[in-house]
Every structure is written in structure tokens, then in C-alpha cells.
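> Need a 3D model of the following:
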Amino acid sequence: MNKRIAILHYASPPTVGGVEQTIAYHARGLADLGYRVRVISGSGGRFDERVEVVVYPLFASKHPQVLEAKHSLDAGIVPDQFDDLVARQRAALSDSLKDCDVCIVHNVHTLNKNLALTVALSQVRGPQFIAWCHDLAWTNPQYLPELHPRQPWTLLRAVWPDTRYVTVSEARRHELAELLGIDPSEVAVVFPGVDPALFFQWTPTAQAIVARLGLLDADGLLLLPARLTRRKNIALGLRVLADLRARSGRDFRLIVTGPPGPHNPTNPGYLGELLALRQTLGLEASAHFLYELEEPPLVPDDATMANLYQLADALFFPSVQEGFGIPVVEAGWAGLPVFCADIPPLRHTGQADAVYFDPVAADPAAIANTIVSTLDALPSFRLKVRARQRYRWQTIIKEQVVPLLEEK
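Numbering: from 1, shown residues only. As a prediction, the model looks like this:
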């Protein structure tokens, strides 16, 4: 991936804004994949050492000369200095794009924030252009008084040659297609996303766990925060996970966070039994013991544990004996559904707001069925899984942005 990718907008990071945020994630994500990235804008600065930034002030929407021209343009008058403004911006564009293979252009094709830049862009030849249309002036009542049925305003509703159109939602796709008089299939949809590590302030350890285990692609994450001791009944968790995956046909995972208990010399042997059971049940890729991930063994700190509670979809706590059972309280703080053993301390804490099972006599298949039916009935669970699998920047860039850049 040696292509040089340009990203053009009126402003770029560290300027704060939705489009500017998209530019930052696209630029970093593409750099991660080996692309050479150049951000071109009217205002901004260096935000990643791998990303080149070119700032030409006349590309900004708030440059004094641009604002002066816009005042006349909004009234339907093309000012005397407009052609000179276009020529200067065209020269700057040609210079900054001369070695680029693809240029992603945010909003310049469809907004009247700097019409001289729009006209200049229409006169430049070179890279493949991708018109990334967040907003459309001609369909927004707020902008209509500033638009007029002739050039240069009609450029904002024209189909540009050799240009790939992209919108950020299905609704905007149909709005743009109708405006341009083209079939919606000619417009790609690439939505924005979230960086969960940044959003939740994950620790480096949490980031490493998530990346190594591929947790963000899972269909369901059950958290079992316990030391590896027999009274924690972790073997039941493995059997429930096996039935859960078999019955649902989905990629459910179990995350067991703790090390062997410190006070019982047989506990290391219990880990071996659990690992053998995991192999027997075919759960090597779905039942995760954090303790075995690193050497020396990984024991999450408090901040990492908080991250795991944020990430998980439910607490699964099958312990046969507890003095209190703090994980149920922690799950309450994290807003997690709780599936736990029906023992007095846990019932006292969870009351009517947890789902209970007999930790000794219950059928793992019955527990699995209860977990699936309970979670699937929760809109919060369905939305969380969909958001994690579809709306994260890394996935969006790999699966949606890169194919556009590589189109022939």
C-alpha cells in the first residue's frame, strides 16, 4: 500500500469538529495500514508524526478574503476578486496534489463555505477524487437563501466527472442521489465510528488483551472476575459457554480474570484441570484465562478491570461460596446484566435485579438458554454488540475506506 492519499477540507485537526475528527481517524488509520497520508486544509497543524500536513490559509472557510467574497456571493453577486481567488487556490491545490493518487475531499463538492475552493477544485486534474459529502447546501433550508440557480452555485448540485461520491448515512445517500439525479447505488455509504480505547480510556494492558483475543468481534462477552479456585466453580462457566455457543451458533466468549488463589497449594493444579476441560470442550479460542496470556502471568490492575467491565456484555458469576460477592455490585455500577449463583450473599446484593441459577445442580444447557434469551431481549445488548462490531474506526477503515481507495 504505497499510495499517497490526500485528505482535503477547510480545516483539519487539531481543530475540533465532527469532520475534523473523521479526518484524524482516517489519517491515522490509513497510516497504520502503510499508506502515505497528506492532510491539506486552510487551518490546522501536525497531529501525527506519520501524517504530512499542508496548510494554505485561503482554503479555510473563515479566511477574511473568503468571508468577504462569500458576503457578495450570498447576495448573488460574483465579486471582482473572485477569479483571482480561484486562480490562487487552484495553483495551491495543483502543487499540493501533484504526487497524490487519491484525494478524499470533505464537503467542498456540496457546501458553499468557500466557493472559490470549490471552483478551483473543479479545474484541477490529477488524482482520483472522492467527494465525502457530510452536508448538502442545496437540500438544507438554512443555506438556500445563499444559493442561486447559476454558476458557481450550481457546481454544488452537479455530477463531477471522475469523482466517487460518499455519504455518511443511508438517508444522506438518497438525499444526494436525488439532488444529483443519479441512482443511489452510485453513492457509497461510509459511516463514522468510535475508537473504544480512546473513548473508554483503556489502559495499555486492556488494549493488549482486547487486541490479542479479538474481543471486539465477539457476539457476546461474559466476564467472570474471580481467582482460579474450586469454590469459584469456573468449570461450570466453561460448560455453559460450550452450550451457549452450540445453541446460538454465535461467537460468545468467557473472560476469566484472576490468577490461582494464593492460599491453597492445589490451585495451580486446578488451572490445569480447567485448561484440559477447555480443550475437551473445544473452547481454546473462546474461553480466555488472562493469567495464561503472558509470562510472568497477567494479573489485571484495577483500571484494567474497570475497562473489562465496560467492555463486557454480562457478568457470569457461578461461585458456590462467597462472603459478599463484590462483582455483583461492580456489575451494577457498570450497568451489566448479572447471571449468578443462587446463594444468599449474591441474592442479597442482586435482589430481584439479577438472574439466578443453582451453581451445583443446574443444567448448563438451561443456563445457556436463559442467558441467550435474556440478553437478546435487551435493546442495550443488541445495540452494544452492533456498535462494537460495525462502528469502530479500525473496522470501518479496513472494510469500507480502503476498498474505495483501491478502486480502479
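> contacts, neighbours, all on C-alpha from now
OK.
> and the chain, what are its domains?
4-193+392-405, 198-390 (automatic domain parsing).
> I'd guessed residue 368 sits against residue 241; true?
Yes. With contact defined as Cα atoms under 8 Å, residue 368 and residue 241 form a contacting pair (7.1 Å).
> More neighbours: which of the two?
residue 241 (26 against 22; other Cα atoms under 10 Å).
> With mean pLDDT added, can I get the domains of the chain in TSV?
What follows is the domains of the chain, written out as TSV (pLDDT from 0 to 100):
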stretch	mean pLDDT
domain 4-193+392-405	97
domain 198-390	94
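> residues near residue 395, how many?
Neighbours of residue 395 using other Cα under 10 Å come to 17.
> again, but for residue 130
20.
> contacting residues for it?
Contacts of residue 130 were listed using Cα atoms under 8 Å, 6 or more residues apart in numbering, and they are 102, 103, 104, 105, 163, 164, 165, 166.
> Where does it sit: helix, strand or coil?
Using DSSP: H, G, I helix; E, B strand; the rest coil, the structure places residue 130 in strand.
> contacting residues for the residue of the chain most remote from its centre?
Here the centre of the chain is the reference, and by Cα atoms, centre = their mean the most remote residue is residue 80, at 45.9 Å. By Cα under 8 Å, 6+ apart, residue 80 lies in contact with nothing.
> cutoff 10 Å now
69, 72 (Cα atoms under 10 Å, 6 or more residues apart in numbering).
> Roughly how far does it sit from residue 58?
Residue 80 sits 17 Å away from residue 58, going by Cα to Cα, to the nearest Å.
> How about residue 160: what's its closest non-neighbour residue?
residue 122 (7.7 Å; Cα to Cα, 6 or more residues apart in numbering).
> what about that neighbour, how many residues close to it?
Neighbours around residue 122, by other Cα under 10 Å: 14.
> hang on, the earlier thing: hey, what's in contact with both of residue 368 and residue 241?
Contacts common to residue 368 and residue 241, judged by Cα under 10 Å, 6+ apart, are residue 247.
> Need the pLDDT of residue 1.
Turning to residue 1, the model gives it a pLDDT of 60.
> What segments of the chain are strands?
In the chain, the strands defined using DSSP state E lie at 4-9, 36-41, 51-55, 102-106, 128-133, 163-167, 187-189, 220-224, 252-256, 287-289, 314-317, 338-341, 355-357.
> Tell me which of these sits most buried.
With neighbours taken as mean count of other Cα atoms under 10 Å, the strands of the chain reach their highest mean count in strand 314-317, at a mean of 27.
> That one packs against which elements?
Contacts defined by 3 or more Cα pairs under 10 Å, 6 or more residues apart in numbering; DSSP states H and E place strand 314-317 against strand 220-224, helix 234-248, strand 252-256, helix 326-334, strand 338-341, strand 355-357, helix 364-376.
> From the chain's centroid, how far away is stretch 392-407?
12 Å (Cα atoms, centre = their mean, to the nearest Å).
> Output that stretch as CSV, nothing but the C-alphas.
What follows is stretch 392-407, C-alpha atoms only, in CSV (Å, rounded to 0.1, in the frame of the first residue of the first chain):
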residue,chain,number,x,y,z
ARG,A,392,-15.4,1.2,15.3
TRP,A,393,-12.8,3.1,13.2
GLN,A,394,-10.4,0.3,12.7
THR,A,395,-13.0,-1.9,11.1
ILE,A,396,-14.6,1.0,9.1
ILE,A,397,-11.3,2.0,7.6
LYS,A,398,-10.2,-1.6,6.6
GLU,A,399,-13.6,-2.7,5.3
GLN,A,400,-15.0,0.5,3.8
VAL,A,401,-12.5,3.2,3.2
VAL,A,402,-9.6,1.1,1.8
PRO,A,403,-11.8,-0.5,-0.9
LEU,A,404,-12.7,2.9,-2.1
LEU,A,405,-9.1,3.9,-2.3
GLU,A,406,-8.2,0.8,-4.2
GLU,A,407,-11.0,1.0,-6.8
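> quick one: buried residues of that stretch?
392, 393, 394, 395, 396, 397, 401, 402, 404, 405 (16 or more other Cα atoms under 10 Å).
> do the same with stretch 91-100
Applying 16+ other Cα under 10 Å to stretch 91-100 flags 92, 93, 94, 96, 97, 100 as buried.
> same deal with stretch 193-207?
Buried residues in stretch 193-207 (16+ other Cα under 10 Å): 193, 194, 196, 202, 203, 205, 206, 207.
> With stretch 57-73 instead?
57, 58, 59, 60, 61, 62, 63, 65, 66, 69, 70, 73.
> Same check on stretch 276-292?
277, 278, 283, 286, 287, 288, 289, 290, 291.
> wait, which of the residues you listed is closest to residue 220?
Set against residue 220, the nearest of the buried residues of stretch 276-292 by Cα to Cα is residue 286 (10.4 Å).
> Not counting its neighbours along the chain, what's nearest that closest one?
residue 253 (4.8 Å).
> returning to that earlier point: a markdown table for the contacts of residue 130, including distance to residue 4?
Listed next are these as a markdown table, based on distance: Cα to Cα, whole Å:
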| residue | distance to residue 4 |
| --- | --- |
| 102 | 7 |
| 103 | 9 |
| 104 | 11 |
| 105 | 14 |
| 163 | 17 |
| 164 | 17 |
| 165 | 19 |
| 166 | 19 |
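> so which of these would you say is closest to residue 224?
residue 166 (42.6 Å).
> can you pull up the bridge partners for that closest one?
Counting by DSSP bridges, residue 166 forms beta bridges with residue 132, residue 188.
> re the thing from before, would you mind telling me which of the helices and strands packed on strand 314-317 is nearest residue 308?
Closest among those, once you apply Cα to Cα, is strand 220-224, at 7.6 Å.
> Neighbouring strands - and their directions - for that closest one?
strand 252-256 (parallel), strand 314-317 (parallel).
> Just the buried residues of stretch 91-100: which are in helices?
92, 93, 94, 96, 97 (DSSP state H).
> and residue 76, how many residues sit next to it?
The burial count for residue 76: 16, using other Cα under 10 Å.
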